[in-house]
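>>> Okay, predicted coordinates and the sequence, questions at the end:
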Amino acid sequence: MRVRKSIVTAYALTLVITIGLVWVIGTLSKNEEERNNIVVFKSSSIDHLTTSNLVDVLLAIPFKEKIGHVEWSNSRLSLELLVAADGGRPETWFNDVKKLINVSFVQLDNVNRLLVRIVERDEDGKRLLAAIDVRQSDEWLVRELKTLDYANPAYDETWRKRLRLSFTKAWMTRFGNAQGYSAQSSHMQ
């Protein structure tokens with residue numbers, strides 16, 4: 001009986017020591033991890049575009065389409081919006097363009113020009129469908145930017161002019177001639 005008590009006591013003592021050591025090691029390693037953690041992605045808003053934060057800015061935009069080649073040079077942001085050759089809708093593409101315009105000219109303080117190429121991509125390669133050229137000096141950015149949310153640049157002549165939107169033969173082949181209505185007025189430019 002005495003031997004049995006000694007064995008049970010030894011087992012209990014071993015169990016307590018093991019649990020205690022695991023707890024101490026876990027606490028020490030947790031404290032060490034907390035001291036060594038470095039924030040990789042900052043949640044703060046970026047207001048000045050640089051080559052070092054370009055990826056962070058673009059990742060923060062909830063695009064529906066994929067982004068292709070991107071270039072940042074001399075206050076000019078240029079990028080490709082990659083669309084599938086077998087599907088997709090221009091309205092979705094222009095919603096992504098609207099998001100880019102808002103980030104470029106409302107959130108960021110150093111983008112003077114935004115160039116967007118809408119590029120169709122399939123297994124045969126890439127084809128340019130349309131190109132957009134928006135500049136910080138465009139007066140409509142101050143007065144009419146919010147109305148872009150309700151516009152369809154593919155059909156609205158006023159918005160095609162404002163965005164300097166041009167269509168290629170590949171666009172015409174896929175969607176037909178980009179004719180539509182014109183909402184000319186004395187206050188629109």
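Okay, I see it.
>>> okay, CA-based contacts and neighbour counts for the rest of this
Will do.
>>> for this protein, which helix is longest?
helix 2-36 (DSSP state H).
>>> Show me what the helix or strand that it is followed by is packed against.
On the C-terminal side of helix 2-36, the closest following helix or strand by DSSP states H and E is helix 54-59. Packing partners of helix 54-59 (3 or more C-alpha pairs under 8 Å, 6 or more residues apart in numbering; DSSP states H and E): none among the helices and strands.
>>> and stretch 122-133, which residues are buried?
Neighbour-count burial for stretch 122-133, counted by 16 or more other C-alpha atoms under 10 Å, picks out Arg127, Leu128, Leu129, Ala130, Ala131, Ile132, Asp133.
>>> Show residues contacting that stretch.
For stretch 122-133, contacts defined as C-alpha atoms under 8 Å, 6 or more residues apart in numbering pick out 84-85, 113-121, 163-171.
>>> got it, and stretch 18-25?
By C-alpha under 8 Å, 6+ apart, no residue outside stretch 18-25 reaches it.
>>> Would you mind writing the ChimeraX command to select the buried ones in the contacts of stretch 122-133?
ChimeraX command restricting the contacts of stretch 122-133 to the buried ones, with burial defined by 16+ other C-alpha under 10 Å:
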select :85,113,114,115,116,117,118,119,120,121,163,165,166,167,171
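>>> In helices, which of the contacts of stretch 122-133 fall?
Judged by DSSP H, the contacts of stretch 122-133 include Lys169, Ala170, Trp171 as members of helices.
>>> Now render the residues you listed as a markdown table, adding distance to Thr158 and pLDDT.
Formatted as a markdown table, the ones in helices among the contacts of stretch 122-133 follow (distance: C-alpha to C-alpha, whole Å; pLDDT from 0 to 100):
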| residue | distance to Thr158 | pLDDT |
| --- | --- | --- |
| Lys169 | 21 | 93 |
| Ala170 | 22 | 92 |
| Trp171 | 19 | 91 |
